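Enquirer: curious how this folds, go ahead:
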Amino acid sequence: MTPRSSSAHRSPSEVSSALVSLLEQAVSVLRNEARPRERLERLLGETCGLVAPTLHLTGEPLDDGPGRMVVPGGSEALRVTAVDTGVVADHVAAAVAVFVALAPVIRDAERRTEMRQDLQRLSREQGDLIGRTPVMRALHERIARAAQKNFIVLIQGESGSGKELVARRVHALSDRRDGPFVPLNSAAIVESLLEAELFGIEERTATGVRGRRGKFEQADGGTLFLDEVSDLSSSAQAKLLRVIQDPTVERVGGQGARRIDVRMVVATNRPLEALCRNGLFRWDLYYRLNAIEIAVPPLRARRDDIPCLVEAILQRVAGDQPWRLTAEAGDALMAYGFPGNVRELERVIERAITLAAPPVIDVADLPDVLTGRYREAFAGDDTGDDSMRAWGSRYARRVLRQANGNKREACRVLDISYHTLCAYLAYEGRRPGRRRRALPVFEGADAGPTVVDPAEGLGPGRAQPYRAHPDRGPITLHDGPAPTLDTVR
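Expert: Alright, predicted model coming up:
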């Protein structure tokens with residue numbers, strides 16, 4: 001049913017002032033409300049006198065059943081339905097148009113709300129080690145199984161991939177969760193001080209040496225996490241092996257051994273087995289440490305987790321500012337390899353929110369090292385050739401470089417044939433001065449026969465005979481109606 005406009009109407013200045021106020025309130029709702037659509041519907045109803053208005057974004061079915069009407073002023077991006085009262089104020093269409101302009105922001109706000117709720121659920125289930133990809137689900141299953149026993153856990157993964165988060169998750173799921181979690185970076189301790197750091201120092205009143213507990217004693221009843229265990233010296237490896245074999249520690253300068261109850265979780269960013277083959281790590285210590293192995297996947301192996309990781313980082317470091325990424329910035333993040341893994345992603349987002357103009361992070365706000373490949377593959381070149389063949393050629397060259405020049409591997413990644421890849425690589429852009437073949441333009445049915453020369457262009461007064469071959473006649477294009485073919489005999 002088409003609603004009738006009411007006779008009572010406002011002056012243009014009153015309508016303009018009301019629309020400005022409506023826009024300000026709507027923007028405030030989008031910034032602060034957890035459920036913006038419900039609040040926007042109430043705001044529209046209070047401002048325009050609509051009964052039970054409902055907002056419908058693109059692709060959502062309209063609630064226009066019996067007793068309801070489609071409010072004027074909507075578009076494909078957003079429509080409004082309400083209880084059919086038969087009369088609609090004149091300014092309602094303009095108010096709905098304001099919401100139409102905000103439709104992309106409304107959808108983005110709802111997406112962020114859904115992402116925030118998803119992150120809260122993941123945090124409850126996974127702690128700080130969030131991820132929705134299959135490799136992360138498999139990682140959490142392995143962590144849960146490893147946490148059930150008190151055996152030593154060996155965590156292997158690249159720098160910045162979250163090895164300490166894995167160790168904390170193992171501790172949180174174990175029966176030692178109420179005990180202490182003591183981390184120690186082995187590479188950050190000078191070798192001469194490592195023994196005192198691990199085993200402690202006995203107090204000597206005569207010499208003024210103050211006693212203190214070592215990391216093993218601090219972790220008694222809990223978990224000791226030794227990071228970068230591959231950087232331990234030979235002597236430190238021997239001392240660590242002794243503690244594993246006999247869980248007692250003796251402080252530096254002390255005489256009595258203290259028995260400890262500690263679960264050890266060690267991590268390394270280098271494969272210990274390869275170090276053992278090169279004589280840089282003890283085989284007997286490796287066999288002791290490699291009880292339960294957990295491999296942490298790099299970020300490039302779980303690219304689909306990047307959007308939720310970015311949202312989690314923004315919530316943690318951006319405070320109340322509602323930052324969001326453009327689609328191009330998101331694509332650039334997804335295309336980057338992140339050799340520094342999640343730690344590098346955190347620094348990238350921190351840099352972006354420092355340099356970008358709130359509240360949008362665009363490609364220009366990301367580091368050049370990150371956007372170089374994205375711009376090279378997807379941005380136009382200096383020739384201005386933005387044809388599909390030019391884009392395909394740039395992307396094929398990028399994949400070929402990633403495959404170290406192996407064309408067969410590039411064909412597998414691109415899912416194209418070898419000859420198609422060679423055609424993309426051979427493309428050198430449009431030739432200068434080359435013109436597209438002109439198409440005929442018909443002026444009317446009674447204009448008579450017209451002959452078009454592609455080299456001369458189109459338009460009245462430029463029709464000339466065109467000879468494809470000296471021995472052939474001109475090609476004539478008939479503008480009139482096609483002759484009727486009598487096929488009935």
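
Enquirer: tell me which element Arg31 falls in.
Expert: Following DSSP states H and E, one finds Arg31 within helix 12-32.

Enquirer: name the residues of that helix that come out as buried.
Expert: By neighbour count on 16 or more other Cβ atoms under 10 Å, the buried set for helix 12-32 is Val15, Ala18, Leu19, Leu22, Ala26, Val29, Leu30. (Glycine included, C-beta is placed from N, CA and C.)

Enquirer: may I have the very next helix or strand once past that helix as CSV, with CA atoms only?
Expert: Next in sequence after helix 12-32, counting helices and strands by DSSP H and E, comes helix 36-48. Taking Å, rounded to 0.1, in the frame of the first residue of the first chain, the C-alpha atoms of helix 36-48 are listed here in CSV:
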residue,chain,number,x,y,z
PRO,A,36,23.0,-0.1,16.6
ARG,A,37,20.1,-1.3,14.5
GLU,A,38,17.6,-1.6,17.3
ARG,A,39,18.6,1.8,18.6
LEU,A,40,18.4,3.4,15.1
GLU,A,41,14.9,1.9,14.6
ARG,A,42,13.7,3.5,17.9
LEU,A,43,15.4,6.8,16.9
LEU,A,44,13.6,6.8,13.6
GLY,A,45,10.3,6.0,15.2
GLU,A,46,10.6,8.8,17.7
THR,A,47,11.8,11.4,15.2
CYS,A,48,9.3,10.6,12.4
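
Enquirer: nearest residue to the residue nearest the centre of the chain other than its sequence neighbours?
Expert: In the chain, the centroid-proximal residue (Cα atoms, centre = their mean) is Pro307; its distance is 2.9 Å. Leaving aside its chain neighbours, Pro307 sits nearest to Gly330 (6.7 Å; criterion: Cβ to Cβ, 6 or more residues apart in numbering).

Enquirer: domain ranges for the protein, per the record?
Expert: Domain assignment of the chain by automatic domain parsing yields the ranges 4-109, 129-202+213-295, 302-426, 436-489.

Enquirer: any chance of the ones you listed in JSON lines with distance to Met115 and mean pLDDT as columns?
Expert: Formatted as JSON lines, the domains of the chain follow (distance: least, Cβ to Cβ, whole Å; pLDDT from 0 to 100):
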{"stretch": "domain 4-109", "distance to Met115": "10", "mean pLDDT": "82"}
{"stretch": "domain 129-202+213-295", "distance to Met115": "11", "mean pLDDT": "91"}
{"stretch": "domain 302-426", "distance to Met115": "5", "mean pLDDT": "84"}
{"stretch": "domain 436-489", "distance to Met115": "46", "mean pLDDT": "44"}
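
Enquirer: okay, those domains, which one's buried deepest?
Expert: Highest mean neighbour count among the domains of the chain (mean count of other Cβ atoms under 10 Å): domain 129-202+213-295, with a mean of 17.

Enquirer: roughly how far does Ala196 sit from Gly214?
Expert: 7 Å (Cβ to Cβ, to the nearest Å).

Enquirer: before we move on, what about Arg401?
Expert: Counting by Cβ to Cβ, the gap from Arg401 to Gly214 is 50 Å.

Enquirer: also Ala167?
Expert: According to Cβ to Cβ, Ala167 stands 19 Å off from Gly214.

Enquirer: for Ser16, same thing?
Expert: For Ser16, the distance to Gly214 - Cβ to Cβ - is 73 Å.

Enquirer: ok, Ile260 - contacts?
Expert: Phe216, Glu217, Ala219, Asp220, Pro247, Thr248, Val249 (Cβ atoms under 8 Å, 6 or more residues apart in numbering).

Enquirer: likewise Ala403?
Expert: Contacts for Ala403 (Cβ under 8 Å, 6+ apart) come out as Glu409, Ala410, Val413.

Enquirer: quick check: the second one touching Ala396?
Expert: Translated: Ala410. Yes: with contact defined as Cβ atoms under 8 Å, Ala410 counts as touching Ala396 (7.0 Å).

Enquirer: can you lay out the buried residues of helix 12-32 as CSV showing distance to Arg259?
Expert: Shown next, in CSV, are the buried residues of helix 12-32 (distance: Cβ to Cβ, whole Å):
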residue, distance to Arg259
Val15, 83
Ala18, 78
Leu19, 77
Leu22, 72
Ala26, 67
Val29, 62
Leu30, 61
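
Enquirer: taking those together, which two end up most distant?
Expert: Val15 and Leu30 (22.4 Å; Cβ to Cβ).

Enquirer: hmm, back to that, which one of the contacts of Ala403 sits closest to Gly74?
Expert: Within the contacts of Ala403, proximity to Gly74 (Cβ to Cβ) peaks at Val413, which comes in at 44.3 Å.

Enquirer: packing partners of the helix or strand containing that closest one?
Expert: Assigned by DSSP H and E, Val413 belongs to helix 407-414. Where contact means 3 or more Cβ pairs under 8 Å, 6 or more residues apart in numbering; DSSP states H and E, helix 407-414 is packed against helix 388-402, helix 418-426.

Enquirer: kindly reformat these as CSV and extend each row with distance to Asp368.
Expert: Converted to CSV, these look like this (distance: least, Cβ to Cβ, whole Å):
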stretch, distance to Asp368
helix 388-402, 16
helix 418-426, 26
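
Enquirer: Leu325: which of the ones you listed is closest?
Expert: helix 388-402 (22.0 Å).

Enquirer: now that closest one and helix 418-426, what's the angle there?
Expert: 100 degrees (axes from the mean of the first three to the mean of the last three Cα atoms, to 10 degrees).

Enquirer: would you put the C-alpha positions of helix 388-402 in PDB?
Expert: The C-alpha atoms that make up helix 388-402 are tabulated as PDB, following Å, rounded to 0.1, in the frame of the first residue of the first chain:
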ATOM      1  CA  MET A 388      42.400  -7.600 -17.700                       C
ATOM      2  CA  ARG A 389      45.400  -9.000 -19.600                       C
ATOM      3  CA  ALA A 390      47.700  -6.400 -18.000                       C
ATOM      4  CA  TRP A 391      46.300  -7.300 -14.500                       C
ATOM      5  CA  GLY A 392      46.700 -11.000 -15.200                       C
ATOM      6  CA  SER A 393      50.200 -10.500 -16.500                       C
ATOM      7  CA  ARG A 394      51.300  -8.600 -13.300                       C
ATOM      8  CA  TYR A 395      49.700 -11.200 -11.000                       C
ATOM      9  CA  ALA A 396      51.200 -14.100 -13.000                       C
ATOM     10  CA  ARG A 397      54.700 -12.500 -12.800                       C
ATOM     11  CA  ARG A 398      54.300 -12.100  -9.000                       C
ATOM     12  CA  VAL A 399      53.300 -15.700  -8.500                       C
ATOM     13  CA  LEU A 400      56.200 -16.800 -10.700                       C
ATOM     14  CA  ARG A 401      58.600 -14.900  -8.500                       C
ATOM     15  CA  GLN A 402      57.100 -16.500  -5.400                       C
END
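
Enquirer: distance-wise, check the nearest residue to Gly67 once chain neighbours are set aside relative to Val71.
Expert: Leaving aside its chain neighbours, Gly67 sits nearest to Asp84 (5.7 Å; criterion: Cβ to Cβ, 6+ apart). Taking Cβ to Cβ as the measure, Asp84 falls 10 Å from Val71.
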